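J.: The sequence and its predicted three-dimensional model are supplied below.
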Amino acid sequence: MSTVRSEIKDNRLIVFLEGRIDSGNAQEVEEELLRVIKEQIEDTNPSLDLIIDAEKLDYISSAGLRVLLHIRKRRSELVVRNVNNEVYEIFDMTGFNQMMTVEKAYKTVSTENCEVIGSGVNGTIYRIDKDNVVKVYNNADALSEIQNEREVAKLALILGIPTAISYDVVKVGDSYGSVFELLNARSFAQILTNEPEKFDWCVEEYVKLLKTIHGTLVPEGKLKDIKEKVIPWAHIMQEHLPQKYGDKLLALVEAVPNDNHMIHGDYHSKNVMLQNDEVLLIDMDTLSVGNPIFELGFIFNAFVGYYEMNPESILKFQGYDIDTSHRFWKAFLSKYLGTDDEERIKAVEDKAKIVGYTRLIRRSYRLGGLETEEGRREIDLWTKELMELLDKVDTLLIDDPSGDPKSGNGDESDGDVLKIDAVVSNFDQVTDFINARLEAIDCPMKTSMQIVIVAEEVFTNIAKYAYGDEIGEAVIKLKIYEPSESLSGQREVELTFMDHGIPYNPLANEDPDITLSAEEREIGGLGIFMTKQMMDDLSYEYKADTNILRLRKQI
């Protein structure tokens, strides 16, 4: 037999079904359901949503399914949740899970006395045993969020970002969680706290992973653009700042070019993990695309901005002290920008602060900061610093003297960019980067092959000679010019290679005498000669400690 009981919670009428529903009691169950719905919703509160909780429902026959179908026709928003595997198979077999929302029951996990690995806007990550962690979402109805995070994490993994993929969804208290396998993994926050001698290593790996993220081009429409999120923040700030500052802030944000390269959105030392010898990224629900300046602003908050009023609070969040945090931020920014120039670092930091303070103030408004004395002091501090920055900053684009398109110098929004260590073994990634973009425009196979051959010659030279015995970075930019944009009137591909190695102009070398016999020829020079022969136009410049080689090919 089946029993029916109900309760109202969070603007929802929850009806609990228990036992069996079959031909012997289906009519009785339907009558009881209709009575509860009429009394609690139709006659009393029509705005209530209807939830049927089937956690203790052991069996349902076709007669029971017809009962639910009648209810579904009466209440289109019906959700049936906590369905066990056996009952769910019946819904699936009959196609009922296509006619109404049917949610399977989830294993229950407790996080009591579990170590907190990380905490963010959307949830908290706990270690539940030595092999696994669970991310528990703040939102009690987080199933759609969980599905979204699993999808974007899979996308990131496919695109080459090392990350953990959730293998299970569980119930944790009144909310849900995603379970990940992170065997003996440690966060960078833990390493910085417990192994301070690894500070430089953490900075190096932290920047390396972030550059991989920022160098990853995401297919159009796969991720949200973070700029679409920041612009409303700027609109909110217009209501609270003097007009000239509010208008300038909005103009600065709107002027940032759209960018389809990946950003994480919550990149701090608790979301970067070391598992064995592999560095992994976790907490992927903030993954998006956009200009790196937005990411830098969020990182500034994670290491500096959040703790300006209460420096001791960082011990609770990250585990290390404020001096370590400030030192890490400075070292990170220097390494990320590839410079020790204090003036340049300060200029980029000011731009990051504008993004960071905008987010902090907007967050404080949303959390009722204006209603408490402490909140008002924080808002006043951040607002004062924001206006001082707006007085002297005229663009949020990172002024990179190398012309590296990632930073917004010149035509940043045009073309795709790959940033990669200049190591010969990395050329396969360069090939993949070039071929993917040439295939997208139906470039002829012969032309594609010539471009890849040339790329190999140039990249190999950078890898072998630009940095001596050190490993440096190569930046490769590929841009397509339509006939109306090119001087030749033909469709063209422009391939640009940039490095910060020793100054070297390969175009200055004399061409080898190809009429000589093999015994008479000198070794070397043939690669650059082939490059000149295969490309339609080549140019070189050395600017701001950067070798810049541009190659053009008509297609």
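T.: That came in fine, so what should we check first? Numbering: from 1, shown residues only.
J.: is residue 81 in a bridge, and if so with what?
T.: residue 53 (DSSP bridges).
J.: Can you name the residues that contact it?
T.: By Cβ atoms under 8 Å, 6 or more residues apart in numbering, residue 81 lies in contact with 51, 52, 53, 54, 55, 102, 103, 105. In this view, the C-beta of every residue, glycine as well, is placed from N, C-alpha and C.
J.: Same question for residue 204.
T.: Neighbours of residue 204 in contact, by Cβ under 8 Å, 6+ apart: residue 335.
J.: host element of it?
T.: Following DSSP states H and E, one finds residue 204 within helix 199-214.
J.: Repeat that for residue 315.
T.: helix 313-317.
J.: circling back to that earlier point, would a markdown table of the contacts of residue 81 with distance to residue 130 be doable?
T.: Putting the contacts of residue 81 into a markdown table (distance: Cβ to Cβ, whole Å) gives the following:
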| residue | distance to residue 130 |
| --- | --- |
| 51 | 37 |
| 52 | 39 |
| 53 | 34 |
| 54 | 35 |
| 55 | 30 |
| 102 | 35 |
| 103 | 31 |
| 105 | 27 |
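J.: Let's have those residues in TSV, adding neighbour count.
T.: Output for those, formatted as TSV (neighbours: other Cβ atoms under 10 Å):
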residue	neighbour count
51	23
52	25
53	21
54	26
55	13
102	20
103	16
105	18
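J.: Between these, which sits nearest residue 502?
T.: Closest to residue 502 out of the contacts of residue 81 is residue 103 (61.6 Å), distances taken as Cβ to Cβ.
J.: Test my guess that that closest one contacts residue 80.
T.: Yes - in this structure residue 103 lies within contact range of residue 80 using Cβ atoms under 8 Å: 7.0 Å.
J.: Can you list the buried residues in the helix holding residue 315?
T.: 314, 317 (16 or more other Cβ atoms under 10 Å).
J.: now swap in stretch 262-277 and tell me
T.: 262-275.
J.: Of those, which belong to strands?
T.: Among those, the residues falling in strands (DSSP state E) are 262, 263, 272, 273, 274, 275.
J.: As a markdown table, the contacts of residue 81 with pLDDT and distance to residue 416 would be great.
T.: Listed next are these as a markdown table, based on pLDDT from 0 to 100; distance: Cβ to Cβ, whole Å:
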| residue | pLDDT | distance to residue 416 |
| --- | --- | --- |
| 51 | 93 | 47 |
| 52 | 94 | 50 |
| 53 | 93 | 50 |
| 54 | 92 | 50 |
| 55 | 88 | 50 |
| 102 | 90 | 43 |
| 103 | 86 | 41 |
| 105 | 83 | 45 |
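J.: Next, give phi and psi for residue 169.
T.: Per-residue torsions, residue 169: phi -120, psi 130 (degrees, to the nearest 10).
J.: so which helix or strand takes in the closest residue to residue 239 other than its chain neighbours?
T.: Among residues not flanking residue 239 along the chain, residue 246 sits closest, at 7.5 Å (Cβ to Cβ, 6 or more residues apart in numbering). Element membership of residue 246, judged by DSSP H and E, is helix 243-254.
J.: Could you list the buried residues of that helix?
T.: 245, 246, 248, 249, 250, 252, 253.
J.: With stretch 124-137 instead?
T.: Those would be 124, 125, 126, 127, 128, 132, 133, 134, 135, 136, 137, for stretch 124-137 by 16+ other Cβ under 10 Å.
J.: Assess the claim that the last one and residue 173 are in contact.
T.: No - at 10.7 Å, residue 137 does not count as touching residue 173 under the criterion of Cβ under 8 Å.
J.: mind checking the SS state of residue 134?
T.: Secondary structure, DSSP: H, G, I helix; E, B strand; the rest coil: residue 134 is strand.
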